[in-house]
Each structure stands twice: as C-alpha cells, then as structure tokens.
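Asks: I would like the atomic coordinates for the input below:
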Amino acid sequence: MTVRGRSFLLTGATGFLGKVVLSELLRRKDELDLERVYVLIRPRGDLGAADRFRREVVGSACFSGLPAGWTADVSVLEGALEEPGLGLRPDQAELARSVTHLIHTAASISFDLPIKAAARSNVSTALNVLELARGCPRLERLVSVSTAYVTPHTGNGTPILETLSPLPAPAEELLAAIEDGTAAEADLLARSGHPNTYTLTKAIAEHLLLARQGSVPLAIVRPSIISASRTHPFPGWIDSTSGFGAFVLLIGLGHLRAVVGHPEARLDLIPVDEVASRILDACRSENVPAIQHAVAGAAHSPTVEKCGEVIRDFFRVHPVARHPEIRYLGPRDLRFQVADLVHHRIPIAVAAARAPKQRAKARSLAARLAYLNTVFPYFTSRSFAFHVSRPLEGQFEKAAYVRTACLGVYRHILRRSDSEWPLAGRRHAGNGGDSRWALSQPHGNMWIRFASWAVTKVLRRATERVTVDVPSFEAARRAAAPGSALVIVPNHRSYLDFVLCSYLAFARPDLGIPIPHIAATMEFGKIPVLGRILAALHAFYLRRGTGREDPELTRRVHALIREGKTLEFFVEGQRSRSREFLPPKRGLLRCLQATGTPCTLLPVALTYDRVPEEAAFAAELSGQPKPKMRLRALLSWVRSVWRGRIDLGRIHIACGEPIHLDTGCDVPEVSLQVIERLRAASVVTTYHLEAYLSRHHEDGLDVAGLRAAIEERGGKVLESHLRPPPDLHPLIARTLRQQFAHYLDYPMVYEEDPGRRARIREREPVA
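Replies: This next block holds a predicted model:
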C-alpha cells in the first residue's frame, strides 16, 4: 500500500551524486509524494552541518532550476556516518526514524586509502546506515550506492552480472582481519583480484549488507564511472574532478599528455542524473532487484582513444592554458617512461624553476598526474561487459556525451563562459602553432588560410582579447528558417569588421555559418593589389550612392544566393564615426528580396574598446574631410602593430535575434529591425565607461555607479584591462557614450551635413 507523505534521509548531499539525488527528489516532489528530505552532513572545521549545507549545497548551480524556497522542504541533520547511530542527537535520531526511504550515497572515492581507512569509510558507514534503517518502522526502502567495479575483471567480454562478487574469504572474516590489522593490504588485493582498496571494501560492504539486512527492504545500485549530467539539472552539470572529470580537466589544461591505457578499451561513462534516476526508481518500485547496475553498457561506451580525441578537440576550440595534446597512449613501458619524462616531469620542473613561488602547485600537479597514471590504468586498459537489466533510454551518442562532459568541466569547474569565448588576442591561450591551425581548419582557400594566420598574429599584438558570445550565435542558427539563405548583417565601426565575421566562421565551423561573401564598396576594388586579394577572400564590390539599381551587383547577389553561399553586408552602408547607428540602407535588402529565396538575417554586433581609425575619426568629427583609402595607410598601421604601438583593448562579438526576409516582408521595417537588434546585442566595456568619464561628467556618476545604472536597465558590461590613454581625444571620449546612451534614454544622433562632414548633436532626454 502506498504511504503518502514520504520522507527521505539522504547521506552524501554535499557530494557530486548526492547533490543530483537531492535535486531530483525535489524536482519530482509531487510524483514521489515527498513531504520532507533530511540530509545528514558532518561538521568540518569551524563549519557546522547547517553552514556546510548553505555554503556547499544551496549555492550550487545544481539547484538553479528549482523554485524559490526549495530549502523549506529540506532539514539538515548533523552527524558522522562512522559513529554508531550516525552520531545523531537523540532528537535528530527520532526524526530520522520517521523516514520512509533512506538513500546512502556517501563514500570515500579515493582509490589509494589504506585498507583500514577504506573499510571505515565504505564498510562501517554502510553498516551503520543499515542499523539506523532497522529502527525505522515506516521504512519502505534502503538504497545503498556501491560501484560496478566490485567484480574483478577476468577478461574483455566476460559478462559481469548483477550478483555478489566472489571474495577470497567470508566477508565477516575479512572485515575482522582488516579492523584488527592482521590483513596485509597487498596480499588481500592479490587474493581478491581487486585493483584497489576502494573496490575491495565496496565488495565487502555489499556482502555484509545482504547478509545482515534481515527484514530491511534493501537495494544496491552499482554505478560505473559517473560523469556530467545528461539532462537534469541541465546538460553538462558537474562539480567533481574525480574519475573521468580529472582526465577531462588535465587533458584540457594541456598538462596530461602521456596516458597509460589501451586505445580500444571502452570507458563505461554514466551520466550522474541517470544514476540518480535509478536510485529514485529503486525507492519507488516494489519489485526491485537486490543488486542492479547503473551503467551505460558496452554499446554506449566510447573507447579511451575516442575520449582523448574528443577532449583534445574540444579544448583546442575552447583554449584555457597549454595547447592540449596526447603524445602517448599505451602500456606502462619504456615508451611511457620517456613520454612521462618529456611531457610531464621536465615541463613541470622547468616551470617551477622559472617561478619559485609556484613550486608547491607544480609538486601538486606532478603528484596528480602520477596518481592518474598509477590508479586508473586498471580502468583505461580494460573493457568491462556489465550486464544491463535497465539500459539507457533514448538515443545516447557516445562522442556527443563526452563533449557534454567537456563543456561541463569548462563551465562549472574552470568557470569559463561560452558567452565570452576567446577567439584571439594576447590573452588567448594559442592554437598550438598558428600556421598548423590555419592549415588544419576544414574550410577556406589558401588566401583565406593565409589571411587567418596573419589576422591571428595582428590580433595577438593589437588586442587584449577578442571574445564571442557563442550561445547567441547557436541560438540564432537554431532559429534560422530551414532552407533559407544566411546573410550576416554586422554593424559598421571599423575596417576590422570585414575581417572578424569571416575569421569567426573560419575558426568555429561548428557554428554552422559558412565563411561569407562580403559586399564591399568599389573603393576597395580600386586599391592596387589589395583589391584582387580581397576578391580572393570572398569580397565582391558595389557602387555606393548611385541612387539606382546596379545590374551587375544584382546578378552577382542572385548568383551567390542560387549557389547557397552566405552573404555579408553592412546595413549602415559606411562606418559610423560616432558609434551611433546610422540610418539603414535598403538597396541590398531589396536585392535579396528580389531573389525570391527566403533569407535569415543574422545581426552581428561588433563592440570595440578602440578602433584602428580612431585618429582619423577624431579629425572627421572635427570637420575635416574623409581621407582616401590607400594601401600605404594599412601597411603603416600594421607596422605600428608589429612595433607594439597599437592597443585596441577588447573586442566582443555577439549575434542578435535573427530576422526573416522574404518576398512578403516590408523592407523598411526589416531594416529598422536589424538596427534595433544590433543595438540590443551590443555590449559595454569598463573601458567605455572609464574613458568617457575621464573627459565628461555624467550627473556625478562614477564608473561603478554608471555600470550599475546600465546593468539595472538590462545592459551588459564586460571587463576590459585597457585604461584610457592621456592623449584620448575629447570627441572620441564623447562618442563612447553611444555604447550605453540608449540605456540612459538620451543618445546622441550622428548626422552629416550636405558637405558630408560629420558632426554630433545631442538628442533631448526622453520624457
């Protein structure tokens, strides 16, 4: 009979699996008829159980999807699993006896604990939980979490069943010998066939739990290698660097380059939410097996080699520290010793010698690399054929899941954000060789590859960093109408705009945005040599300001659309000297509409701290005429970059919400939508605020106050390490206000007089 008002007691809530189990209990509250969850937490140092719960559990992103106030359904109990009665006070013990379900996830996952310490952590605790369960009159189920590796490996392909694993002696005798110190650890491991004290003590715990369970309704869940979540609380959540997370982290950081393992061995990686689901299902089911595996199974297990490739490729696209490489994957022999020396020990020793203050970190890194290649070869050199009574549901693509785990480590362990993905600049970790990177990219002719190599060099010397809001591009790409032509429509602040969208498409082909064909003014085509090079880089030329249709341009656009090419053009027509958005031009929009092919317009907002043309813009804003485009000016700027005289600070690229264009659309309305979405996707940097306020006062606001005002109104302010130069032109400082003026309700307006000389006037505040 179903008992309503169920209450659960959970151990290990501060751990990786425990957090997800707690999150799932609360997410499925109605389904489980859950009334209350008790979490047992041990005090640590000066922190009591309640303090640890607030600090280590409540603030975790694992619970970000739960409704506000979810902690009202959770009660914290302070205790210690190694103590009889779990160390609970009498009043807390009375509460614990009211539970209907007891879930024991806590364990020490250190593989090299001395046998006596491992038995205390994994055997004594499980038996103490069993004794507490025996005194719970309302108990419906005790679920104890073990490991799928309690059964020693006897050969690839040998089935591992959901039954007790053999032990060299009765479990009671083994535990007694361990506790009184008469059991020799090495001898015991050799006799049992277990690789470490963790798996051996988990096997002993299983035997003793089933032998002593009596009338306690017991279920044992055996997970394999637990890794990032698949679905809940969201794909990729992880906060543990144990097990597979350690490999992802250290390969991704470029530290782990020699791995002991067999390339074709299969790693049984199970998402943490799949394990939590099996635990909760074991709580609900009346006919639950005594032992069940929570594993992916051989068909869903990637090889060690494939895991290494996916991790390497992910962190080459998401660089963090050293360029990731796996130089050796094989047995522990002389080749490994050489690779370990060359790729681990020597680089760490050199780094420690160069930075004596980092010696402790270097020693810690060396110890961790040695630990991975000592403890984990048992798992990376063998394939385990676990019997699966409940296989994974739905499609489970192995490589995609490894990428999900990589993304989880990137976001939640390394605290990196895809909304500020590093594309280039001095703070970029590097490509492991710019020329090799440019040649290895999947798309682009030789001119594009060479240009990308050169741009990488220039951006590294001229910018602090170039970042990209990758999720904005992914969302825009998903929202694109199937079969529509892609058209990139950036704002126009600098000649660098021509470069950056193509460079992003070249560097991140996974975004699904092909390298575009760019509409450029005919002035570029007339520049000797450069005009032809730009044409090889996908530029095509248009005559600006004629006021009538250009038949040659129309034919070219129609041909490119028919061929399925991606186009790029600047809806503002020319660069804005004041950073205000210029009135949109509609000729190319009408030309696209006339093709009859539906188009998806991607508004790409490019935000610069400083632009290369800053001095020329200051002169034009002062009333001087626009200078002619000359190759000499470009070469002079590149020379200044190479000499370290140029610092543009930070550049950020984001994509606004896409816009659909077809034959039924109103082109003037579409053009205004593009401008508004470009404005919405633009960001502000701390440089903009500091530089503006260094020359102008804003109602007594300082940088912090101005930033708060912008963010309160929905603006995004990014950090920049660039400081305003002493010689910053006051007019340029004033134009920086355009980055955030729309949040303050009175932007400036860019105008041109009949003599085509730029000037700025200020718009009246909106009432």
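Asks: ends of stretch 417-435, how far apart?
Replies: Stretch 417-435 has an end-to-end distance of 27 Å (Cα to Cα, to the nearest Å).
Asks: which stretches of the stretch 251-400 of the chain form helices?
Replies: In the stretch 251-400 of the chain, the helices defined using DSSP state H, counting those that start in this stretch lie at 272-284, 304-317, 334-340, 346-354, 359-375, 377-380, 398-408.
Asks: wait, the stretch 401-550 of the chain
Replies: Going by DSSP H, counting those that start in this stretch, the stretch 401-550 of the chain shows helices at 434-440, 446-462, 470-479, 497-507, 522-525, 530-536.
Asks: repeat for the stretch 101-250 of the chain
Replies: Under DSSP H, counting those that start in this stretch, the stretch 101-250 of the chain gives helices at 115-119, 125-134, 171-180, 185-192, 197-212, 244-252.
Asks: columns mean pLDDT on top of the ones you listed, output as CSV?
Replies: Formatted as CSV, the helices of the stretch 101-250 of the chain follow (pLDDT from 0 to 100):
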stretch, mean pLDDT
helix 115-119, 96
helix 125-134, 96
helix 171-180, 96
helix 185-192, 95
helix 197-212, 97
helix 244-252, 97
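Asks: so can I have a markdown table of these showing distance to Val489 and mean neighbour count?
Replies: C-beta: built from backbone N, CA, C; applies to glycine. As requested, these are exported to a markdown table (distance: least, Cβ to Cβ, whole Å; neighbours: other Cβ atoms under 10 Å):
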| stretch | distance to Val489 | mean neighbour count |
| --- | --- | --- |
| helix 115-119 | 62 | 20 |
| helix 125-134 | 61 | 21 |
| helix 171-180 | 70 | 17 |
| helix 185-192 | 65 | 14 |
| helix 197-212 | 57 | 23 |
| helix 244-252 | 35 | 24 |
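Asks: any chance of a markdown table for those, columns distance to Ile518?
Replies: Shown next, in a markdown table, are the helices of the stretch 101-250 of the chain (distance: least, Cβ to Cβ, whole Å):
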| stretch | distance to Ile518 |
| --- | --- |
| helix 115-119 | 63 |
| helix 125-134 | 65 |
| helix 171-180 | 72 |
| helix 185-192 | 65 |
| helix 197-212 | 58 |
| helix 244-252 | 34 |
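Asks: nearest to Leu486, of those?
Replies: Closest approach to Leu486 among the helices of the stretch 101-250 of the chain (Cβ to Cβ): helix 244-252, 31.0 Å.
Asks: now for the closest one, which elements pack on it?
Replies: Packing partners of helix 244-252 (3 or more Cβ pairs under 8 Å, 6 or more residues apart in numbering; DSSP states H and E): strand 225-227, helix 304-317, helix 359-375, helix 398-408.
Asks: winner for burial among these?
Replies: Most buried of the helices and strands packed on helix 244-252 by mean neighbour count (mean count of other Cβ atoms under 10 Å) is strand 225-227; its value is a mean of 26.
Asks: show me what that strand is in contact with.
Replies: Applying Cβ atoms under 8 Å, 6 or more residues apart in numbering, the contact partners of strand 225-227 are 16-17, 238, 240, 243-245, 267-272, 275, 379, 401, 405.
Asks: hmm, back to that, and the helices and strands packed on helix 244-252 as CSV, adding mean pLDDT and distance to Trp437?
Replies: As requested, the helices and strands packed on helix 244-252 are exported to CSV (pLDDT from 0 to 100; distance: least, Cβ to Cβ, whole Å):
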stretch, mean pLDDT, distance to Trp437
strand 225-227, 97, 29
helix 304-317, 97, 8
helix 359-375, 95, 26
helix 398-408, 97, 19
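Asks: of all these, which one is nearest Thr463?
Replies: Shortest distance between Thr463 and those, using Cβ to Cβ, is found for helix 304-317: 19.3 Å.
Asks: what's in contact with the closest one?
Replies: For helix 304-317, the surrounding residues in contact (Cβ under 8 Å, 6+ apart) are 244, 247-248, 251-254, 259, 261-267, 302, 323-326, 329, 380, 398-399, 402-403, 406-407, 410, 431-432, 508, 510.
Asks: any idea what sits nearest Gln738, other than its immediate chain neighbours?
Replies: Nearest non-adjacent residue to Gln738, counting by Cβ to Cβ, 6 or more residues apart in numbering: Arg579, 3.7 Å away.
Asks: just to revisit the earlier point, of all the helices of the stretch 101-250 of the chain, which lies closest to Val74?
Replies: Nearest of the helices of the stretch 101-250 of the chain to Val74, taken as Cβ to Cβ: helix 125-134 at 18.6 Å.
Asks: any idea how far the closest one is from the chain center?
Replies: Remark: helix 125-134 is offset 39 Å from the chain centroid, using Cα atoms, centre = their mean, to the nearest Å.
Asks: what angle separates it from helix 171-180?
Replies: Here helix 125-134 runs at an angle of 120 degrees relative to helix 171-180 (axes from the mean of the first three to the mean of the last three Cα atoms, to 10 degrees).
Asks: which elements pack onto helix 125-134?
Replies: When contacts are defined as 3+ Cβ pairs under 8 Å, 6+ apart, helix 125-134 sits against strand 6-11, strand 101-104, strand 141-145, helix 197-212.
Asks: quick check: mean pLDDT of the shortest one?
Replies: In other words, strand 101-104. When pLDDT is averaged along strand 101-104, the result is 97.
Asks: what's in contact with that strand?
Replies: Contact with strand 101-104 is made by 6-12, 21, 125-126, 129, 132-133, 136, 139-145, 279, 283, as judged by Cβ under 8 Å, 6+ apart.
Asks: hmm, back to that, closest one to Gly587 among the helices of the stretch 101-250 of the chain?
Replies: That would be helix 244-252 among the helices of the stretch 101-250 of the chain, by Cβ to Cβ, at 47.2 Å.
Asks: mind saving the C-alpha coords of that closest one as PDB?
Replies: Output of helix 244-252 as PDB, limited to C-alpha atoms (Å, rounded to 0.1, in the frame of the first residue of the first chain):
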ATOM      1  CA  PHE A 244      36.700  11.000 -15.700                       C
ATOM      2  CA  GLY A 245      36.400  14.700 -14.700                       C
ATOM      3  CA  ALA A 246      40.200  14.600 -13.800                       C
ATOM      4  CA  PHE A 247      41.100  13.300 -17.200                       C
ATOM      5  CA  VAL A 248      38.900  16.000 -18.900                       C
ATOM      6  CA  LEU A 249      40.400  18.700 -16.800                       C
ATOM      7  CA  LEU A 250      44.100  17.800 -17.100                       C
ATOM      8  CA  ILE A 251      44.000  17.000 -20.800                       C
ATOM      9  CA  GLY A 252      42.000  20.100 -21.400                       C
END
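Asks: got a list of contacts for that helix?
Replies: 225, 227-228, 238, 241, 256-257, 259, 267, 269, 307-308, 311-312, 314-315, 318, 320, 324, 326, 368-369, 372, 376, 405-406, 409-410, 413-414.
Asks: per the record, what domains does the protein have?
Replies: Here the domain parsing of the chain from automatic domain parsing is 6-223, 228-268+299-387+394-413, 418-762.
Asks: low-confidence regions, this structure specifically.
Replies: For the chain, residues meeting the criterion pLDDT under 70 lie at 1-4, 544-549, 698-699, 745-767.
Asks: and the angle for the strand ranked longest in it with helix 470-479?
Replies: Secondary structure assigned by DSSP state E gives strand 599-608 as the longest strand of the chain. For strand 599-608 against helix 470-479, the angle by the same axes, to 10 degrees is 170 degrees.
Asks: the helix or strand just after strand 599-608: which residues count as buried?
Replies: Heading C-terminal from strand 599-608, the first helix or strand you meet, by DSSP states H and E, is helix 614-621. Using 16 or more other Cβ atoms under 10 Å as the test for burial, helix 614-621 gives Glu614, Ala616, Phe617, Ala618, Ala619, Glu620, Leu621.
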